[in-house]
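Q: Sequence plus the predicted model coming up.
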Amino acid sequence: MYRARVGPNRWKFLLESQACLSESLTELNPRQKLNVVRESPESVIPKLVRRWKVDVLVFEKDTDAYARGRDEEVKRLVEELRLGVEVVVCGHGRTLFDPDELVRCNGGQPTMTMSQTVKASAQIDPGDGGKKGDPRRCVPTPVGLPEPLSAEEMDLSGDPGFQHEVPERAPDFNQEHRSGKQEGHYESVAGPKNDFAVVTLEEMGIDPKLAMSPHKGGEKEALRLLKTYIDNEEYTGTFEKPKSSPADFGPQSTTLLSPHHHFGTLSVRKFWWDVQEVFGKRKKAGKQNAPPPANFPGQLLFRDMYFGAQAALGYAFAQTRGNKIARFIPWHLQSNHSDTPVGEHLLDGTYNVDDEQAEVYFRRWKEGRTGFPWIDALMRQLKYEGWIHHLGRHSVACFLTRGGCYVSWERGAEVFEEWLVDHETACNVGNWMWLSCTAFFSQFSRMYSPVAFGKKWDPEGHLIRNYVPELKNFDSKYIYEPHKAPIADQKRWGCQIVGDGTEKGTEDLAKYPKPMFDFNEKRQFCLDKMKEAYDAHMYGNDERVMNGEWKKMFNYVDGKTTMDETGGLLSGTKKRMRTLDDHEYDDGEHADVGDQIDEEPPRKAAKSSGTAKGSKGAQTKLDGMVTRSTKS
């Protein structure tokens, strides 16, 4: 509610999912529904166990760092009651394999590559009679539910011993989304009507009009979507994610099942096994299926890789400081840290503005007014709808970090945490570390062009015309670089290219900003800075990172601590690398395809090192890596 960044679109998706679950429970028993309790689990569950005479407490295992601590504390408090309550922790539900088991089978280390993930998963027994390496199959849907407690037994209002504990509001990371008074969210533990109903956006002080995402939550919607893909056997059998277009919308080129996997409205294992059934049919018919890791099973294993890495590292996974797998890079706008968890992080929600221009770049990136239409269209799509294609995410992430702005990946991860409907820490943080060449991937010279990459997929600029409507009338020749259009044409097409995006246009003449920097110059700047950081050969748990010595090494000057303000100046660099003459020189087609580092980074970096180089091994080709599971 307060300590996790959640925008209106994700709240909407979650509440729709809860409402759908409640309806499904009622269908199984007209007297049953989902009962939502409005208090922190650590404080309310022990009280409910005593008040409702609970015999068995059941919850699902969650390997997120915050969730581990929460669950362990709840279990401890319940056991301290000495009421004989049986605490049952169910196995993993939102991954193919238990992340802790992946780590165990990977020698106790984070799963850093697909090959490590596949080898580790091959050792795991599903426990349901299936083969090692196969995910556990889903349990059948229940056909009925027992009778619930009576209304009198459920009622907590008349119990003088039941004290409702309201959490501290500050700091509220979601304050900007609250348009008014919170009407009754924490009025009582059972809600304003004392009926344990699903929370509403209005009760949280969020205007429903802010939740503009067309993507709907709930199991019924998830199963409907799944059926459309499974029924289309050609699509399911031949799908390769890297070949899907980031410019497609209405409909998008991928399944958009990811938020359903996260919120549990669609089992990831059901998706796996339904796809395997399609693969089996096609194989019998002599049809070829798409190879891993680009196909659906490969992408689900890729997701498990990030969960395995997170499970091994805990809170450190979501930040650079203290993270043994994260290469240290002295980005602008570094995070400030807390000694104790603040919500889901050890970051305290603020950051250091060491550089005024970098802060401006970050704000313009977040608000979709960089002057690069491809980037702005994607960021506006993300904000309005809560989702963008994975290659779109790659484009904007590379642009913010090593491909333009040289801003800390942690700033970008926070924005995605707030706006994505499918946000989950493991995948979000893992992808940001990958795209920033902090971990998982190291070939930092490969970058996504904010011009040429979009042109490759969408030469007419349909995505831009939809999400940056100021430019809808521009000729395709200028749609990616509108500042190059003649002034007369700009006026004729109804949009003047001027300023930084804060200027207001008129009904007849809109405004769109000029590019906020020369991409080739900033690309070179980032290349030089990345080489300098790689040459230092430091990781997040290096003593020099932990004690701040790195600031002297890189001439880093602290600025203001802020969540919203700006301050500081840009610094230069003396090192140079190869230059590019034009945006089209590197369109980003292979910007995140390359080596993967199989070995664990050293716990302590060497005091000096030679020229930074990528991993010697090429990225492992995983053809056939899941063939054990594609048999019908």
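A: Cool, the structure landed. Numbering: from 1, shown residues only.

Q: And Y235, its phi and psi?
A: According to degrees, to the nearest 10, the main-chain angles of Y235 amount to phi -60, psi -50.

Q: ditto for R178
A: phi -90, psi 110.

Q: Identify each buried residue in the helix or strand containing S43, please.
A: Element membership for S43 (DSSP states H and E) is helix 41-51. Residues of helix 41-51 classed as buried: P41, S43, V44, I45, P46, K47, L48, V49, R51 (neighbour count, 16 or more other Cβ atoms under 10 Å). For every residue, glycine as well, the C-beta is placed using N, CA and C.

Q: how far away is the third one from W11?
A: According to Cβ to Cβ, to the nearest Å, V44 stands 20 Å off from W11.

Q: how does the protein divide into domains?
A: As recorded under automatic domain parsing, the domains making up the chain are 8-96+135-210, 462-512.

Q: low-confidence ranges in the protein?
A: Confidence mapping of the chain against pLDDT under 70 gives the ranges 180-184, 342-344, 560-632.

Q: Recalculate using a threshold of 80.
A: The model of the chain has pLDDT under 80 over residues 1-3, 158, 161, 169-171, 179-185, 338-347, 559-632.

Q: need the contact list for the spatially most central residue of it.
A: Centroid-nearest residue in the chain: N428, 2.8 Å away (criterion: Cα atoms, centre = their mean). Shown in contact with N428 (Cβ atoms under 8 Å, 6 or more residues apart in numbering): A413, F416, E417, L420.

Q: and which of those is nearest S115?
A: S115 lies nearest to A413 out of those, by Cβ to Cβ, at 25.5 Å.

Q: State the three-state secondary structure for that closest one.
A: Taken by DSSP: H, G, I helix; E, B strand; the rest coil, the conformation at A413 corresponds to helix.

Q: neighbours around the residue nearest to it when sequence neighbours are not counted, how many?
A: On the basis of Cβ to Cβ, 6 or more residues apart in numbering, the spatially nearest residue to A413 that is not a chain neighbour turns out to be W432, at 4.5 Å. Other residues near W432 number 25, with proximity taken as other Cβ atoms under 10 Å.

Q: just to revisit the earlier point, tell me which of the domains of the chain lies nearest to F519.
A: Proximity to F519 (Cβ to Cβ) singles out domain 462-512 among the domains of the chain, at 10.1 Å.

Q: how long is the closest one from one end to the other?
A: Its first and final residues considered, domain 462-512 spans 17 Å by Cα to Cα, to the nearest Å.

Q: report the longest helix in this protein, please.
A: The helix that spans the most residues within the chain, counting by DSSP state H, is helix 8-28.

Q: That one packs against which elements?
A: helix 219-231, helix 258-263 (3 or more Cβ pairs under 8 Å, 6 or more residues apart in numbering; DSSP states H and E).

Q: Buried residues, stretch 237-250. List them.
A: Of the residues in stretch 237-250, those buried by neighbour count under the rule 16+ other Cβ under 10 Å are G237, F239, K241, S244, S245, P246, A247, F249.

Q: In JSON lines: those, plus distance to F279 and secondary structure.
A: Below are the buried residues of stretch 237-250 laid out as JSON lines (distance: Cβ to Cβ, whole Å; DSSP: H, G, I helix; E, B strand; the rest coil):
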{"residue": "G237", "distance to F279": "6", "secondary structure": "helix"}
{"residue": "F239", "distance to F279": "11", "secondary structure": "coil"}
{"residue": "K241", "distance to F279": "16", "secondary structure": "helix"}
{"residue": "S244", "distance to F279": "18", "secondary structure": "coil"}
{"residue": "S245", "distance to F279": "23", "secondary structure": "coil"}
{"residue": "P246", "distance to F279": "26", "secondary structure": "coil"}
{"residue": "A247", "distance to F279": "28", "secondary structure": "coil"}
{"residue": "F249", "distance to F279": "28", "secondary structure": "coil"}
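
Q: and of those, the nearest to R380?
A: Closest to R380, out of all of the buried residues of stretch 237-250 and judged by Cβ to Cβ, is F249, at 11.6 Å.

Q: For the closest one, give me its contacts.
A: Contacts for F249 (Cβ under 8 Å, 6+ apart) come out as Q381, L463, N466.

Q: Now intersect those with the helices, please.
A: Judged by DSSP H, the contacts of F249 include Q381, L463, N466 as members of helices.

Q: Let's have these in JSON lines, adding distance to M447 and neighbour count.
A: Below are these laid out as JSON lines (distance: Cβ to Cβ, whole Å; neighbours: other Cβ atoms under 10 Å):
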{"residue": "Q381", "distance to M447": "21", "neighbour count": "23"}
{"residue": "L463", "distance to M447": "20", "neighbour count": "25"}
{"residue": "N466", "distance to M447": "25", "neighbour count": "15"}
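
Q: In the stretch 201-350 of the chain, what residue spans correspond to helices?
A: 219-231, 233-238, 258-263, 268-284, 296-313 (DSSP state H, counting those that start in this stretch).

Q: Looking at the ones you listed, which is nearest to E73?
A: Distances from E73 to each of those were compared using Cβ to Cβ; the shortest belongs to helix 296-313, at 18.4 Å.

Q: I'd like to know which elements that closest one is packed against.
A: Based on contacts counted as 3+ Cβ pairs under 8 Å, 6+ apart, the elements that helix 296-313 packs against are helix 99-105, helix 114-121, helix 268-284, helix 425-435.

Q: Find the nearest non-adjacent residue to D98, please.
A: Counting by Cβ to Cβ, 6+ apart, D98 lies nearest to H92, which is 4.5 Å off, once chain neighbours are set aside.

Q: Can you report how many residues lie near that neighbour?
A: Residue neighbour count, defined by other Cβ under 10 Å, stands at 23 for H92.

Q: Name the nearest residue to T502, sequence neighbours excluded.
A: On the basis of Cβ to Cβ, 6+ apart, the spatially nearest residue to T502 that is not a chain neighbour turns out to be R369, at 7.6 Å.
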